[in-house]
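**Q** starting from these lines, generate the structure:
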Amino acid sequence: MYQNKTLAVFGVSENPAKYGHKIFKTLLAQGLRVFGINPKGGTAAGQPLFARLADVPAPVEVAIMVIPPAALQEAVEQCVRGGVKEIWFQPGAQDPAARQLAEQAGLEAVDSCFIADNGFW
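**A** Here you go, the predicted model:
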């Protein structure tokens, strides 16, 4: 279902013990086209991390949020501006106001684990 889509994971860390890193690495291993977002930049799993969605060199269709709830509003705003169609709010990365913003902008918003729900773990 996601093989032909471009994804972005918000909250990818250089630390392999963090969930953002694990999710990013899992999606890469599945052969998906995925970009990592981290305001500090850096690298993860041998890939560059982008400070914001606008820096990604391709249109992103699906965003996966692995960030603190306090950071979700800005991330959703980036997704709305960037033309993202679908946002997954991972457990622990959920906020009713951010979800409402996404839905009001016409994005599909899902409160669940992208990896588990799609059989990658």
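
**Q** which positions in the lengthiest helix in the chain come out as buried?
**A** For the chain, the longest helix by residue count, based on DSSP state H, is helix 69-82. Using 16 or more other Cβ atoms under 10 Å as the burial criterion, the residues of helix 69-82 that qualify are 71-72, 75-76, 78-80, 82. Just so you know, the C-beta spots here come from the backbone N, C-alpha and C atoms, and that holds for glycine as well.

**Q** what lies in contact with stretch 106-121?
**A** 1-2, 23, 26-27, 30, 64, 76, 79-80, 84-91, 94, 99, 102-103 (Cβ atoms under 8 Å, 6 or more residues apart in numbering).

**Q** let's see the pLDDT reported for Gly92.
**A** Each residue has a pLDDT score; the one for Gly92 is 89.

**Q** how near is it to Gly41?
**A** 23 Å (Cβ to Cβ, to the nearest Å).

**Q** how about the helix or strand bottoming out on mean pLDDT in the chain: buried residues?
**A** Lowest on mean pLDDT, DSSP states H and E among the helices and strands of the chain sits helix 114-117, with a mean of 91. By neighbour count on 16+ other Cβ under 10 Å, the buried set for helix 114-117 is 114-115.

**Q** so how far is it off the chain centroid?
**A** Centroid separation for helix 114-117 versus its chain: 12 Å, with Cα atoms, centre = their mean, to the nearest Å.

**Q** and stretch 24-37, by the same measure?
**A** With Cα atoms, centre = their mean, you get 10 Å for stretch 24-37.

**Q** who touches Leu7 in this structure?
**A** Leu7 touches 27, 32-35, 60-64, counting by Cβ under 8 Å, 6+ apart.

**Q** in strands, which of those appear?
**A** 33-35, 62-64 (DSSP state E).

**Q** need phi/psi at the residue of the chain positioned farthest from its centre.
**A** Going by Cα atoms, centre = their mean, the residue of the chain most distant from its centre is Gln104, 18.9 Å out. Reported as degrees, to the nearest 10, the phi and psi values for Gln104 are phi -60, psi -30.
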